[in-house]
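Trainee: Kindly generate the corresponding structure for this input.
(chains A and B)
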Number of protein chains: 2
Amino acid sequence: MNQQSLDEIVKDVITQLHNNNEGSSSGIPIGVSARHCHLDKIALERLFGEGYELTKKANLGQPGQFASNETVTIVGPKGSIEKVRILGPLRKSSQVEVSQTDAFKLGLKPPIRDSGNLSNSSPITIVGPKGSIFLHEGLIIAQAHIHMSPENAEHYGVQNGEHVRVKVGNERRPIQFEKVLIRVSKKYKLEMHIDTDEANAGIVKTGNYGELLKAGSSYD
Amino acid sequence: MNQQSLDEIVKDVITQLHNNNEGSSSGIPIGVSARHCHLDKIALERLFGEGYELTKKANLGQPGQFASNETVTIVGPKGSIEKVRILGPLRKSSQVEVSQTDAFKLGLKPPIRDSGNLSNSSPITIVGPKGSIFLHEGLIIAQAHIHMSPENAEHYGVQNGEHVRVKVGNERRPIQFEKVLIRVSKKYKLEMHIDTDEANAGIVKTGNYGELLKAGSSYD
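Mentor: Prediction:
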């Protein structure tokens, strides 16, 4: 431990305290989403066997959502990625969310999309312990977004479907995400979701806070 | 090809044209740096054999700098990464530059540093065809930076060592890097270097352009 690294640690601690203070007023808590997949009932049974049900490993930030103990392998024309976690509960359509880094490894060019918007997304093969499936579309890179309640939306003066800018101000790699989608629902808890590329570009971890800057980019 | 993907392509083309137009006046051409290493003479000979010399594969953006045909494997406590390219010419000290994504895979916590500033950076093992070396320090995550000539610096009204903000405005994932280091030298050609995490967070490719916004972040 020398002076230089001590300085870096102190700066981070100060930034973190600053972030934590913001959390109670205007800060948006951030959750970093690793690659994951959502399955429908047919897909789950094809991959894990008839009558199979997901088992909960941990609750996620949004009420009712959970990480399951089950994982799959996803495969593209140039490579595969193992241990991709399945999130529950089951959905009406299967989808896989990866980062751009993952997409290069798979050899695929998924679009950046809001979750559930799968029309003309990339094809992907999913392999489980009891079988595999090929989705003609279903692979996306998730667009950065903020889940919030109607009360939160009123507080921030934003509406469902709007794009906002969010600044994440850590000392080492401060960054602004300029096209962050607002998603409002009574069932949502205030939380911004970014993927691992976005997190690593800003050295952001789950539990850090972002600052919502209402004025969107010129591309809004 | 349907309407939605056509729209996305058209938007990208328009953005690219916009970027290209900026290039001649205020735009900064961007080069995405994949993980790479620089070696000193002793390290090169330990890894590749006595008297070995790097062979040029391609010139890089900065005058005199080149990608060599030679690659090494880098190894940390949690994993290794193969085919890490060596950049030439040789330097006075060996160093390895990776992304945060790579750092997680290696199981190491390199600091974000300007190239050559290696004091208390992370240890790293480098393996070549004829031997391996262990650097007690030498692994960093490169800080985003802009190489420029004194004339460029005057044009933009910035000085060596200053931090600026840079906006990269592609339609899909517009982003602002808020702490970009200015590096001025007569031997430099105007070029901004970011790593693969930063590039993927903004879906930025080599040849895209960034907009220099002089007003730095509140952390300057």
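Trainee: got the residue ranges for the strands in chain A?
Mentor: For chain A, applying DSSP state E gives strands covering A:27-33, A:36-38, A:56-59, A:66-75, A:80-88, A:95-97, A:112-113, A:122-127, A:132-142, A:145-148, A:163-168, A:175-184, A:191-195, A:209-213.
Trainee: pLDDT value on A:Glu171, please?
Mentor: Per-residue pLDDT puts A:Glu171 at 84.
Trainee: how close does it sit to chain B?
Mentor: Plainly put, A:Glu171 is 6 Å away from chain B if you go by Cβ to the nearest Cβ, to the nearest Å. Where you see a C-beta, it was placed from the backbone N, CA and C, and this is true even at glycine.
Trainee: backbone phi and psi for that residue, please?
Mentor: Phi and psi for A:Glu171, reported as degrees, to the nearest 10, are phi -60, psi -40.
Trainee: Count the neighbours of it for me.
Mentor: A:Glu171 has 19 neighbours, counted by other Cβ atoms under 10 Å in any protein chain shown.
Trainee: Over to A:Tyr188?
Mentor: Count around A:Tyr188 with other Cβ under 10 Å applied: 18.
Trainee: Need phi/psi at it.
Mentor: Here is the backbone geometry of A:Tyr188 (degrees, to the nearest 10): phi -90, psi 150.
Trainee: Who's the closest spatial neighbour of it, skipping the chain neighbours?
Mentor: Distances taken as Cβ to Cβ, 6 or more residues apart in numbering or on different chains place A:His147 nearest to A:Tyr188, at 3.9 Å, with adjacent residues excluded.
Trainee: what residues are up against the one you found?
Mentor: With contacts taken as Cβ atoms under 8 Å, 6 or more residues apart in numbering or on different chains, A:His147 has the following neighbours: A:Gly61, A:Gln62, A:Arg183, A:Ser185, A:Tyr188, A:Lys189, A:Leu190, A:Glu191, A:Met192, A:His193.
Trainee: per-residue confidence for A:Lys214?
Mentor: For A:Lys214, pLDDT reads 73.
Trainee: separation between it and A:Arg165?
Mentor: Here A:Lys214 is placed at a distance of 8 Å from A:Arg165 (Cβ to Cβ, to the nearest Å).
Trainee: Between these two, tell me which one has more neighbours.
Mentor: A:Arg165 (21 against 11).
Trainee: Please report how far that one lies from A:Gln176.
Mentor: Distance, A:Arg165 to A:Gln176, using Cβ to Cβ: 6 Å.
Trainee: between these two, what contacts are shared?
Mentor: Jointly contacting A:Arg165 and A:Gln176 under the rule Cβ under 8 Å, 6+ apart are A:Leu213.
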